[in-house]
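Colleague: Fold the following, please.
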Amino acid sequence: MQRPYRRGTLAGAALCILFVSAAVIYLVGFSGAGSWVAEHVVAPVFAALGTGDGTLEQERSEPSGQRVTATASRLLELPALSCHALQMGVYSTEDNAKNQSSALQALGAAGYIIEEEGRYRVLAAAYTSASDLQQVRDRLQTEGLDSAAYLFTSQTSKLIVTGTEAQVASLENVLSGLIEMQEELCAYVIEFDRDQHSVAEGRARVATLCNTAERYLTQVASASSDQAVLASLVKCCRSIHSQLTKAEAMSDEDRAAFTAYLKYTCLLLADAYCGFCSEVSALSPA
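Modeller: Numbers count the residues shown, from 1 in each chain. The predicted model follows:
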């Protein structure tokens, strides 16, 4: 089942101006109107602007002799994410969902809860393919346990991005990097359980992911927080970084708690990214 994200929180916002590293990036939900914007909106040009890492963008000369920073305009398609989740229950009350969540976490499962129109779904783990998920469901079925498949999938969304070359490349890197991080974490959760890694080994792996998440957060968090799309991306990166930081600090003594937290974080990452894509999609003019 595919999660239907709520939309409309950004309705009517056809253009967001995002301030990053003292320059301006325009993000526009791509549609028929988006093509018009790409042709008619010209990015402001700034003289000798930094890229955020202490370097300067390549400059060029105007006929007036003024030195200005080169800019780029590019159509970016948000990388697609598909995360196949194992659903163990659906409840009409949050308390019942929390009870099953706690029981699953005690066994080393995620116990991740999502709410949709007054119903609470409890997810146990994430898989990179439908076939891997089905194998687990078949095994559970032989043990008399019912389950269901739940699909996190990002909405098809495109952005027209105008800014310095470094800024456009940085944004593109963060977006693709979040997908790679989710896939890496999903694969490692399976490896952690299959090969019986110690918590110390798991924390070392998480530390690398945490450093990457911190770098992504740094790249976007300096932007103006009142810009809705960028605020959504900052929130996405911050929640992922926070989860990984907590996992890195967990005790070596409780292996079940650690693997449950890894599975929970994997599902949270997929949920957060899909939510961001939904916000971007809502930008497109009707």
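Colleague: okay, and for the protein, where does confidence drop off?
Modeller: For the chain, the stretches flagged by pLDDT under 70 are 1-72, 162-163, 222-227, 283-286.
Colleague: Longest helix in it, please.
Modeller: Of all the segments of type helix in the chain, defined by DSSP state H, the longest one is helix 165-194.
Colleague: so what secondary structure elements neighbour that helix?
Modeller: Using 3 or more CB pairs under 8 Å, 6 or more residues apart in numbering; DSSP states H and E as the contact test, the elements touching helix 165-194 are strand 23-29, strand 71-77, strand 119-127, strand 158-164, helix 199-221, helix 228-248, helix 255-281. For every residue, glycine as well, the C-beta is placed using N, CA and C.
Colleague: For Gln105, which of the ones you listed is the nearest?
Modeller: Among the helices and strands packed on helix 165-194, the nearest to Gln105 by CB to CB is helix 255-281 (4.4 Å).
Colleague: got the buried residues for the closest one?
Modeller: For helix 255-281, burial by neighbour count (16 or more other CB atoms under 10 Å) applies to 255, 257-281.
Colleague: Pull the distance from stretch 137-156 to the chain's centre.
Modeller: Remark: stretch 137-156 is offset 22 Å from the chain centroid, using CA atoms, centre = their mean, to the nearest Å.
Colleague: scratch that, stretch 228-239
Modeller: Here stretch 228-239 is found 9 Å from its chain centre; the criterion is CA atoms, centre = their mean.
Colleague: what does stretch 213-224 give?
Modeller: On the basis of CA atoms, centre = their mean, stretch 213-224 is displaced by 13 Å from the centre of the chain it belongs to.
Colleague: now do stretch 108-120
Modeller: Here the centre of stretch 108-120 is set off from its chain's centre by 18 Å, with CA atoms, centre = their mean.
Colleague: what's the answer for stretch 109-124, then?
Modeller: Counting by CA atoms, centre = their mean, stretch 109-124 is centred 18 Å from the centre of its parent chain.
Colleague: Between the two ends of that stretch, what distance do you get?
Modeller: In stretch 109-124, first residue to last residue: 5 Å (CA to CA, to the nearest Å).
Colleague: Repeat that for stretch 140-147.
Modeller: Stretch 140-147 has an end-to-end distance of 8 Å (CA to CA).
Colleague: Sort out which residues of it are buried, please.
Modeller: Neighbour count says stretch 140-147 has Ser147 buried, by 16+ other CB under 10 Å.
Colleague: Outside of it itself, list whatever touches it.
Modeller: For stretch 140-147, contacts defined as CB atoms under 8 Å, 6 or more residues apart in numbering pick out 86-88, 124, 136-137.
Colleague: Go through those residues and flag which are in helices.
Modeller: Using DSSP H, the subset of the contacts of stretch 140-147 located in helices is 136-137.
Colleague: What about the contacts of stretch 140-147, which one has the most neighbours?
Modeller: When the contacts of stretch 140-147 are compared by neighbour count (other CB atoms under 10 Å), Ala124 ends up highest, at 27 neighbours.
Colleague: what separates the closest residue to that residue other than its chain neighbours from Arg238, distance-wise?
Modeller: Distance criterion CB to CB, 6 or more residues apart in numbering; nearest residue to Ala124, sequence neighbours excluded, is Ala109 at 4.0 Å. Distance, Ala109 to Arg238, by CB to CB, to the nearest Å: 25 Å.
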